[in-house]
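[1] What follows is a predicted structure for the sequence shown.
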Amino acid sequence: MNQAIPIDLSLDASWILPVAPRGKIFNDCSLLIKGSEIVAIQPWGEVDEHYCVKKHIDLSGKLLMPGLINCHGHAAMTLLRGYADDLALDTWLNEHIWPAESRWVNEEFVEDGTRLAIAEMQLSGTTCFSDMYFFPEIAASTAHDCGMRTQIVFPVFDFPNNWSKDADDGFHKGLTLRDTYRSQELISVGFGPHAPYTVNDDVLQRIATYAEELQAPVQIHLHESADEIEKSMQQFGMRPIQRLQELGLLSPLTQCVHMTQVDAAIDIPLLKENGAHVIHCPQSNMKLASGHCPVQQILAEEINIALGTDGAASNNDLDLFCELQTAALLAKFTSNDPAALQAMSALEMATINGAKAIGQEDRLGSLEPGKQADIIAIDLSNIASQPVYSPVSQLVYTASGSRVSHSWIAGHAVVDNGKLCRIQEQELLTAASKWQARLK
Ligand SMILES: [Zn+2]
């Protein structure tokens, strides 16, 4: 007689959207989890025949899908949400955000702001985020406390800032952080050269060498505005992406954030030939009127493109469902083509493409046996989701993160029936009002 296979958790849902294989939807099935991993997807009636399940969770009326991956942000900037709006990128950064940061940003700010960001992301379906900010060791320990999966890219600037004296100091602290988390499942650490206009050639070249040696990810703001391209042409006689390529910093480890200024003849072949990834942040680009990333052209060339919210000071929320809806609508609007960025492609950008961008597609981004149990449940039983002809359509064109009812990261619950499991909500509110009073 066959021994029943032991299972920790069976999530019994009305729909399961695994993302891979593409377009597949399971109806009335259970997702089985053991430890931190997905074991199988089985029809409801067959689970107890073959498996010995410790706990079933009834998720009828709900859809399971991979947790969303927010590939670009500055988590602690939630404390600057609504601090300066309706300004151009240059004015917004130079006259408002950077002065406020240099006065206020310290370890306490980063801990409180990062926790607030993680709470908002967990409640709206994000199970993994990328963070580029000062005091990355505090962001890493806060994420670890909250059971959140994170790619930390430690910031590198030429000039002194609240966290590092110069690029060397940043390298030293950042590489120590990478060592600290080397064997931690949830935290990965890479390089975050801020932008081509804040980091010199020598430092960019050193990052390329280190990243290659360590096989560590590199994330950089790139081609965010027309002004950035113009200044690079004046100073270096080439576009910023050409400069990165010359310095050896364009590779499958590179995550290019924004790419709103794209020359189809120069930039797209460079991205493609070097296997670099694009991180699209449509709401931040729209709010700062920076331009728009040509998502359709990039997808047509089979360049990997993922999604990010950017910081809450330029978005102003961290809801990746809102972001993927914006991405779909903006792609249609800017290409004058209603078939551009179809719903399933928008969902892929926020899941499997995000996993590819951060180099973790073997573990994250889809609900397949052997992958990490990073899973969210979305309630499709509410009025605004009815009727459900197509769950994928509901997820992209009507959904917002507020419909996320449950979330698990590495098999551990972080949201249960709309409530945070690892974070005290009252503490978040107290911290937010403390900073509001200080910054006013
Ligand atoms: Zn950014």
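    Ah, there it is.
[2] what about residue 190, which SS state?
    At residue 190, secondary structure determined by DSSP: H, G, I helix; E, B strand; the rest coil is strand.
[3] So for it, what's the nearest residue that isn't a sequence neighbour?
    Distances taken as C-beta to C-beta, 6 or more residues apart in numbering place residue 217 nearest to residue 190, at 3.5 Å, with adjacent residues excluded. Yep, even glycine has a C-beta here, placed from its N, CA and C like the rest.
[4] measure that neighbour to residue 249 for me?
    Residue 217 is 12 Å from residue 249, where distance means C-beta to C-beta, to the nearest Å.
[5] Mind checking which of the two has more residues around it?
    Under the neighbour definition other C-beta atoms under 10 Å, residue 217 and residue 249 were set side by side, and residue 249 has more, 28 against 24.
[6] circling back to that earlier point, what sits in contact with each of residue 217 and residue 249?
    Jointly contacting residue 217 and residue 249 under the rule C-beta atoms under 8 Å, 6 or more residues apart in numbering are residue 211.
[7] List the residues that contact the residue positioned nearest the centre of the chain.
    Nearest residue to the geometric centre of the chain (C-alpha atoms, centre = their mean): residue 70, 1.4 Å. Contacts for residue 70 (C-beta under 8 Å, 6+ apart) come out as 121, 126, 128-130, 307-309, 318, 320, 323, 354.
[8] The same query, at a cut-off of 7 Å, please.
    Going by C-beta atoms under 7 Å, 6 or more residues apart in numbering, residue 70 touches 121, 126, 129-130, 308-309, 318, 320.
[9] Let me see the ranges of the strands in the stretch 101-250 of the chain.
    126-131, 149-156, 187-193, 218-222 (DSSP state E, counting those that start in this stretch).
[10] Which strands and helices lie in contact with the third one?
    Packed against strand 187-193, as judged by 3 or more C-beta pairs under 7 Å, 6 or more residues apart in numbering; DSSP states H and E, are the following elements: helix 136-145, strand 149-156, helix 201-214, strand 218-222.
[11] residues making contact with stretch 260-273?
    The contact list for stretch 260-273 (C-beta under 7 Å, 6+ apart) reads 223-226, 229, 239, 241-242, 245, 250, 278, 285, 290-294, 297-298, 301, 303.
[12] ok, 8 Å please
    Contact with stretch 260-273 is made by 223-226, 228-229, 239, 241-242, 245, 250, 256, 259, 276, 278, 285, 290-294, 297-298, 301-303, as judged by C-beta under 8 Å, 6+ apart.
[13] Using PyMOL, define a selection of the buried residues within these.
    Entered in PyMOL, the line below selects the buried ones among these, by 16 or more other C-beta atoms under 10 Å:
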select buried, resi 223+224+225+228+229+239+241+242+245+250+256+259+276+278+285+290+291+292+293+294+298+303
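[14] Where do the domain boundaries of this protein fall?
    Per the record, the chain has its domains at 5-67+366-420, 68-357, by automatic domain parsing.
[15] And those domains: which comes nearest residue 432?
    Each of these has some distance to residue 432 by C-beta to C-beta; the shortest is domain 68-357, at 6.0 Å.
[16] How far does the closest one sit from its chain's centre?
    The chain centre lies 9 Å from the centre of domain 68-357; the measure is C-alpha atoms, centre = their mean, to the nearest Å.
[17] End to end on that domain, go ahead and measure it.
    Using C-alpha to C-alpha, to the nearest Å, one end of domain 68-357 lies 13 Å from the other.
[18] likewise stretch 21-32?
    With C-alpha to C-alpha applied, stretch 21-32 spans 18 Å between its terminal residues.
[19] residues making contact with it?
    7, 9-18, 38-44, 47, 51, 53, 56, 64, 344, 348, 367, 375, 391-392.
[20] quick one: the strands in the stretch 301-440 of the chain?
    Under the criterion DSSP E, counting those that start in this stretch, the stretch 301-440 of the chain contains strands at 305-307, 375-379, 404-409, 412-416, 419-420.
[21] Deepest-packed of those, please.
    strand 305-307 (a mean of 28; mean count of other C-beta atoms under 10 Å).
[22] Which strand runs longest in the protein?
    If you go by DSSP state E, the chain has its longest strand at strand 51-66.
[23] Just give me how far that one sits from the chain centre.
    With C-alpha atoms, centre = their mean, you get 25 Å for strand 51-66.
[24] now that strand: mean pLDDT?
    Here strand 51-66 scores 97 as its mean pLDDT.
[25] elements contacting it?
    If contacts are counted by 3 or more C-beta pairs under 8 Å, 6 or more residues apart in numbering; DSSP states H and E, strand 51-66 sits against strand 5-16, strand 26-34, strand 375-379, strand 404-409.
[26] Not counting stretch 194-206 itself, show me its contacts.
    With contact meaning C-beta under 8 Å, 6+ apart, stretch 194-206 is reached by 132, 155-159, 167, 171, 193, 207, 220-222, 224, 228, 231-232, 240, 243-244, 247-249.
[27] let me fix that: stretch 354-363
    If you take C-beta under 8 Å, 6+ apart as the criterion, stretch 354-363 is touched by 68-71, 128, 130, 151, 188, 215, 217, 252-253, 255, 277, 279, 304, 306-307, 352, 364-366, 371-372.
[28] give me the low-pLDDT residue ranges for the chain?
    Of all residues in the chain, those with pLDDT under 70 make up the ranges 1-2.
[29] closest one to residue 108 among the helices and strands packed on strand 187-193?
    Judging the helices and strands packed on strand 187-193 by C-beta to C-beta, what sits closest to residue 108 is helix 136-145, at 8.6 Å.
[30] In that closest one, which residues have enough neighbours to count as buried?
    Buried residues in helix 136-145, counted by 16+ other C-beta under 10 Å: 136-143.
[31] Check stretch 54-73 too.
    Here stretch 54-73 shows 57, 59, 61-73 as buried, counting by 16+ other C-beta under 10 Å.
[32] do stretch 384-398 as well
    Neighbour-count burial for stretch 384-398 flags 385, 391-392, 394-396 (criterion: 16+ other C-beta under 10 Å).
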